[in-house]
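**Student:** What would the 3D arrangement of this be:
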Amino acid sequence: MATFLDASGLQHFSAVFVFIFVFIAAFAMFSYMKIFDEHKWVPWFAALLIAFFILISPLATKVVQNIAPWFAVLFVFVILIGVAAKMVGDAEISFMKPLFLVLVIVLVFVGAGTTIRSNVIVPGDNESSSDFTRDYSQTSTIVFHPKFMGMMLIFAIAIFTIAMLVTSKL
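**Tutor:** Next comes the predicted model:
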């Protein structure tokens, strides 16, 4: 029975979503950094090329497919922190920009590393020696376990709560 909650049909459009996500992210990065400021069409063309190159590589497409939902969660989390800060009365949180940048970099490296490690065969993986029988995906299994992620979310909420309580003037 089909329901409006069933989104399994969208998996056929994942390549389109990856292309759009990479194109928008690359264009936003070029526009923000003002690398190609003299011509307006150059950032569009460069973003289009980057999105196309990501699309023709199956491994890069898988990496973007695995990282994109985490970007959405991080974006919602940052928006909620910004709204909470404005409700408390702090107009601008100065520590949010470096923290957001660090979170994005860590998110990209962990997501890309996990995806690449699970999809690439490294010499020694199929060896019969006991040295190479270790499960390399165990770290990602622990880091991305729902209980561990929930604990990290609670820690992040606690850290931001303490930071806002310390900086607020009561």
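
**Student:** Quick check on residue 37: phi, psi?
**Tutor:** phi -80, psi -20 (degrees, to the nearest 10).

**Student:** what separates it from residue 104, distance-wise?
**Tutor:** 23 Å (Cβ to Cβ, to the nearest Å). Yep, even glycine has a C-beta here, placed from its N, CA and C like the rest.

**Student:** Give me the more crowded residue out of these two.
**Tutor:** Neighbours per residue (other Cβ atoms under 10 Å) separate residue 37 from residue 104, with residue 104 holding more: 16 against 11.

**Student:** which residues touch that one?
**Tutor:** By Cβ atoms under 8 Å, 6 or more residues apart in numbering, the contact set of residue 104 is 71, 74.

**Student:** Let's verify it: helix, strand, or coil?
**Tutor:** Using DSSP: H, G, I helix; E, B strand; the rest coil, the structure places residue 104 in helix.

**Student:** And it, how far from residue 74?
**Tutor:** Taking Cβ to Cβ, one finds residue 104 at 7 Å from residue 74.

**Student:** now the helices for this protein?
**Tutor:** 14-33, 41-56, 58-88, 96-119, 138-143, 146-167 (DSSP state H).

**Student:** now the longest one: how far from the chain's centre is it?
**Tutor:** Taking Cα atoms, centre = their mean, to the nearest Å, one finds helix 58-88 lying 6 Å from the centre of the chain it belongs to.
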